[in-house]
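Undergrad: Fold the following and give me the result.
(chains A and B)
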2 protein chains.
Amino acid sequence: MARFRIEVNYRKGVENPEAVTVLRNLKILGFEDVTDVHVSRIFELDIKGSREVAEKTAREISERILSNPVIQEYRILG
Amino acid sequence: MARFRIEVNYRKGVENPEAVTVLRNLKILGFEDVTDVHVSRIFELDIKGSREVAEKTAREISERILSNPVIQEYRILG
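TA: Residues are numbered from 1 along each chain as shown, chains lettered A, B, ... in the order given. Purely as a prediction, here's the structure:
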């Protein structure tokens, strides 16, 4: 069994609606000192089999399921 | 200006609906070798002012806005 930690972020220049909403709400709630917000997701996948085959599966899942390659990018942290 | 990286996770024993959905869909799509999925969120906040005051603000935001303390926990990664 292998575990993969995968971070998914919006690409540079693409607006992340969740981050925009958090920042706007912080301003409304009076947290005026917050100047910027980023939000990303971490997925941890446990995959059966050899590390090599499991990593291929992790990459396929990251590209096809966990991220939208048009607007997001992923990196496998380990 | 200080930057804080905050990870928000569901508490042990509390079901994360996003992780449950991802795992179910992976099975449906034929990724039978995936045995478990965890999902967490990373927030990055840029906050004006001294590190000390900014950290207090980051903690307040983490507890009140970014997480639901009943079912989630946060940790400031740095």
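
Undergrad: Give me the contact list for stretch A:40-54.
TA: Stretch A:40-54 has contacts (C-beta atoms under 8 Å, 6 or more residues apart in numbering or on different chains) with A:1-10, A:57-58, A:61-62, A:66, A:77, B:7, B:22, B:33-42, B:44. Bear in mind the C-beta positions are built from the backbone N, C-alpha and C, glycine included.

Undergrad: filter the residues you listed to the buried ones?
TA: Buried members of the contacts of stretch A:40-54, scored by 16 or more other C-beta atoms under 10 Å in any protein chain shown, are A:2, A:4, A:6-10, A:57-58, A:61-62, A:66, B:7, B:22, B:33-34, B:37-42.

Undergrad: Helices - which of these land there?
TA: Counting by DSSP state H, these place A:Thr57, A:Ala58, A:Ile61, B:Val22 in helices.

Undergrad: Can you pick out the most distant pair from these?
TA: With C-beta to C-beta as the measure, no two of those lie farther apart than A:Thr57 and B:Val22, at 13.9 Å.

Undergrad: circling back to that earlier point, and the ones in helices among the buried ones among the contacts of stretch A:40-54, which is closest to B:Glu15?
TA: Distances from B:Glu15 to these, taken by C-beta to C-beta, are shortest for B:Val22, at 12.6 Å.

Undergrad: between the longest strand along chain A and strand B:34-47, how many degrees?
TA: In chain A, taking DSSP state E as the definition, the longest strand is strand A:34-47. Here strand A:34-47 runs at 170 degrees with respect to strand B:34-47, directions being taken by axes from the mean of the first three to the mean of the last three C-alpha atoms, to 10 degrees.

Undergrad: List the pairing partners of strand A:34-47 within its sheet, with orientation.
TA: Taking DSSP bridges as the criterion, strand A:34-47 sits next to strand A:2-10 (antiparallel), strand B:34-47 (antiparallel) in its sheet.

Undergrad: A:Val34 bridge partners, please.
TA: B:Ile47.

Undergrad: centre of the chain versus stretch A:49-61, how much separation?
TA: Counting by C-alpha atoms, centre = their mean, to the nearest Å, stretch A:49-61 is centred 18 Å from the centre of its parent chain.

Undergrad: pLDDT of it, averaged?
TA: Per-residue pLDDT over stretch A:49-61 has a mean of 96.
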